[in-house]
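**Student:** Turn this into a model:
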Amino acid sequence: MRLADFIVKNSNRILAEWEDFAAVVAPPDMSMTGKELRDHAAMMLNAIAEDLCFPESPREQEDKSKGRGTPGPADAAGSEHGVARLKSNFTIEQLVAEYRALRATVLRLWSEDTESSGQCDLRDLIRFNEAIDQLLAASVASFARQSRQAVSDERTLRDEFLAMLAHELRNPLAPIASAASLLKRGKNDENVSRRASAIIERQVEHMTGLVDDLLDVSRVTRGLIELEKEALNLDGIISDAVEQAMPLIHSRGHLLTIRELPELAVVLGDRKRLVQIVSNLLTNAAKYTPDGGQIDLRTEVRQEQVTIAVQDNGIGMAPDLIEHLFEPFVQAKRTSDRSSGGLGLGLALVRSLVELHGGKVSCTSAGPGKGSEFKVCLPRLQKYDDKALHSPSGEPSIPGRRVKVLIVDDNVDAAQAMCIILNTAGHEATVEHCPKEALDAALKERPDVCLLDIGLPGISGNDLARQLRARPETAGTLLIAVTGYGQSADRERARAAGFDHYMTKPVDISRLLALLGSA
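**Tutor:** I've put the predicted structure just below:
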């Protein structure tokens, strides 16, 4: 039997044996389904059979053997195969291994079939190997070409992001510098001080949000976010999210319409993260809707799921943008002037956080200028404790008292500013910049609270905390880490060193004052 006829007649048998190999060699995070994998192998077999049936002159055979042949079905099939495997996270070695397995499977089965009849044709064997090689060459070429393009695209995206990050961080620095100049020249003018302080506070909050988004994306992509799940009334989540997004919505003159929940909807989730999801969607709608626009927030309750939908009449988007909308930094390509601000991380965080809650997020748009609608679907919690559900959230208020605080930070400006804030709040704060002198001061003055920076020179804040805990004079002192390091591993090291609380810079002053009130 001719090899071409054998391949066509026995394609299912060949594919079944090859599929066993593919299941072993395929990467665990492959995006293709088993059916798609099999369909690609069938396409390769069809291309080989078609090539074997195509008549060739001696000159064409020679050119083909030397790689100079005219592109044919095998080239097209091989190119498509190489691109598909790259998208499915195959390595080049796995790609080549597929062809080796396909070649070995076909030849072994054909040999077994023709052994008794002795009809094995050497010319068929030569042409079959040439067809396989042609497929492989086309696959490797397209795989390599797309790999280079992906690297180039990633480099371009990285450069654009770094430029955007620099732009976004410089923006708040300008008003902060101006406010500092106002304070310097204000000569104790209370009105000037109040205005300058408000400017600095707003801009620092903005910068903190940018840094938090970057850290959140990093934690999510590395699987480091841990949700503190509890039964939550969705109505409270919506209220908190609207409260966060309302300043931007008001500043843009938008009309926000909220459709109340028709019935009680309870979900199992992390309150802070669920509020972040809805707030990011509202903020996104406010940013990309021209001033005076319309934003609708509605919720739908079904038996097994709840849906939160945010619809706007803003700039809309093209289908090719929707396809990549929830990828990090993609949103930064929307406009060249970036008047809306942000790093394009909000929607990437939304998708990741929604998926961590077992839900899905989607977006639809009729096109540019026709608005957008985002939908978040979450599993509905059927059984829950009514008492736990309606218990008041947040920490109870703690009556304040005057405490003695030792601030240890080698950043002179940061330490002095914190000292002024705490003394103004009625506490007795002192500053040390050197860890050794800080230890001596703590043993002598016995403060109620120590605020320790982690990245201290010579002795780290963790080591200093261990020494304070080891001395009877300071063993019971409330230790609070104040640092720029915010990863979960950093928190674990601080906890092991003896810290009671962990705060990342810039510090939330209201939270710090509440902690001091409990010292």
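
**Student:** so what secondary structure elements neighbour whichever strand or helix holds Q311?
**Tutor:** If you go by DSSP states H and E, Q311 is part of strand 305-312. Under the contact criterion of 3 or more C-beta pairs under 8 Å, 6 or more residues apart in numbering; DSSP states H and E, strand 305-312 touches helix 234-251, helix 271-287, strand 294-301, strand 372-379. Where C-beta positions appear, they are placed from N, C-alpha and C, glycine not excepted.

**Student:** got the contact list for it?
**Tutor:** 234, 238, 265, 267, 277-278, 281-282, 284-285, 288-289, 293-300, 359, 371-380 (C-beta atoms under 8 Å, 6 or more residues apart in numbering).

**Student:** filter these to the buried ones?
**Tutor:** 234, 238, 265, 267, 277-278, 281-282, 284-285, 288-289, 293, 295-299, 359, 371-378, 380 (16 or more other C-beta atoms under 10 Å).

**Student:** Does anything pack onto the helix or strand hosting E154? Which helices or strands?
**Tutor:** Using DSSP H and E, E154 maps to helix 122-185. With contacts defined as 3+ C-beta pairs under 8 Å, 6+ apart, helix 122-185 has these neighbours: helix 3-9, helix 34-53, helix 58-65, helix 73-87, helix 92-114, helix 190-221.

**Student:** helix/strand/coil for E226?
**Tutor:** Three-state call for E226 (DSSP: H, G, I helix; E, B strand; the rest coil): coil.

**Student:** Spit out the contact partners of it.
**Tutor:** Counted by C-beta under 8 Å, 6+ apart, E226 has contacts S488.

**Student:** Which pLDDT value belongs to it?
**Tutor:** For E226, the pLDDT comes out at 75.

**Student:** Direction-wise, compare the strand holding Q311 with strand 372-379 and give the angle.
**Tutor:** Interaxial angle, strand 305-312 versus strand 372-379 (axes from the mean of the first three to the mean of the last three C-alpha atoms, to 10 degrees): 170 degrees.

**Student:** average pLDDT across strand 305-312?
**Tutor:** Computed over strand 305-312, the average pLDDT equals 94.

**Student:** so how far is it off the chain centroid?
**Tutor:** Distance, stretch centre to chain centre, for strand 305-312: 21 Å (C-alpha atoms, centre = their mean, to the nearest Å).

**Student:** Strand partners (parallel or antiparallel) of that strand?
**Tutor:** strand 294-301 (antiparallel), strand 372-379 (antiparallel) (DSSP bridges).

**Student:** List just the one of those that sits closest to E19.
**Tutor:** Relative to E19, the nearest member of the strands paired with strand 305-312 by C-beta to C-beta is strand 372-379, separated by 34.5 Å.

**Student:** Just send the strands paired with strand 305-312 back as JSON lines, with mean pLDDT too.
**Tutor:** Converted to JSON lines, the strands paired with strand 305-312 look like this (pLDDT from 0 to 100):
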{"stretch": "strand 294-301", "mean pLDDT": "92"}
{"stretch": "strand 372-379", "mean pLDDT": "95"}
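
**Student:** can these go into CSV with extra columns for distance to R466?
**Tutor:** Below are these laid out as CSV (distance: least, C-beta to C-beta, whole Å):
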stretch, distance to R466
strand 294-301, 50
strand 372-379, 43
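
**Student:** follow-up on the earlier one: tell me the most buried of the helices and strands packed on helix 122-185?
**Tutor:** Stretch with highest mean neighbour count among those: helix 73-87 (a mean of 21; mean count of other C-beta atoms under 10 Å).

**Student:** avg pLDDT for it?
**Tutor:** The model assigns helix 73-87 a mean pLDDT of 81.

**Student:** Any regions of the stretch 1-150 of the chain where pLDDT drops low?
**Tutor:** For the stretch 1-150 of the chain, applying pLDDT under 70 flags the ranges 1, 21-26, 29-34, 54-58, 60-73, 114-121.

**Student:** What are the buried residues along stretch 464-472?
**Tutor:** For stretch 464-472, the neighbour count (16+ other C-beta under 10 Å) marks L464, A465, Q467, L468 as buried.

**Student:** Could you check how far it is from the centre of its chain?
**Tutor:** Its chain's C-alpha centre and that of stretch 464-472 lie 38 Å apart, by C-alpha atoms, centre = their mean.

**Student:** what does stretch 203-212 give?
**Tutor:** 18 Å.

**Student:** got the contact list for the spatially closest residue to A47 that is not a sequence neighbour?
**Tutor:** Distances taken as C-beta to C-beta, 6 or more residues apart in numbering put A77 closest to A47, at 3.8 Å, once the chain neighbours are dropped. When contacts are counted by C-beta under 8 Å, 6+ apart, A77 touches M43, M44, N46, A47, L135, A138.

**Student:** what's the farthest-apart pair in those?
**Tutor:** Greatest spatial distance among these (C-beta to C-beta): N46 and A138, at 14.8 Å.

**Student:** related to what we said a few turns ago, can you put the contacts of A77 in TSV and add distance to R446?
**Tutor:** Formatted as TSV, the contacts of A77 follow (distance: C-beta to C-beta, whole Å):
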residue	distance to R446
M43	78
M44	78
N46	84
A47	82
L135	79
A138	77
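
**Student:** Nearest to L255 among the residues you listed?
**Tutor:** Distances from L255 to the contacts of A77, taken by C-beta to C-beta, are shortest for M43, at 53.6 Å.

**Student:** burial measure for C434, as a count.
**Tutor:** Residues lying near C434 (other C-beta atoms under 10 Å) number 15.

**Student:** Check which helix or strand L479 maps to.
**Tutor:** Short version, using DSSP H and E: L479 is in strand 478-483.

**Student:** what comes up buried for that strand?
**Tutor:** L478, L479, I480, A481, V482, T483.

**Student:** How about stretch 414-424?
**Tutor:** Here stretch 414-424 shows A414, A415, M418, C419, L422 as buried, counting by 16+ other C-beta under 10 Å.

**Student:** export the helix or strand harbouring the second one as CSV, just CAs?
**Tutor:** Spelled out, it's A415. Take DSSP H and E as the rule and A415 turns out to sit in helix 412-424. The C-alpha trace of helix 412-424 is given here as CSV (Å, rounded to 0.1, in the frame of the first residue of the first chain):
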residue,chain,number,x,y,z
VAL,A,412,16.0,62.3,59.0
ASP,A,413,13.1,64.2,57.3
ALA,A,414,10.7,61.3,57.7
ALA,A,415,11.6,60.8,61.3
GLN,A,416,11.3,64.5,62.2
ALA,A,417,8.0,64.8,60.3
MET,A,418,6.5,61.8,62.2
CYS,A,419,7.8,63.3,65.5
ILE,A,420,6.0,66.6,64.8
ILE,A,421,2.8,64.8,64.0
LEU,A,422,2.8,62.6,67.1
ASN,A,423,3.7,65.5,69.4
THR,A,424,1.0,67.6,67.8
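
**Student:** quick one: average pLDDT of that helix?
**Tutor:** Rounded mean pLDDT across helix 412-424 is 83.

**Student:** wait, isn't D235 in contact with E263?
**Tutor:** No - taking C-beta atoms under 8 Å as the definition, D235 is not a contact partner of E263, at 10.3 Å.
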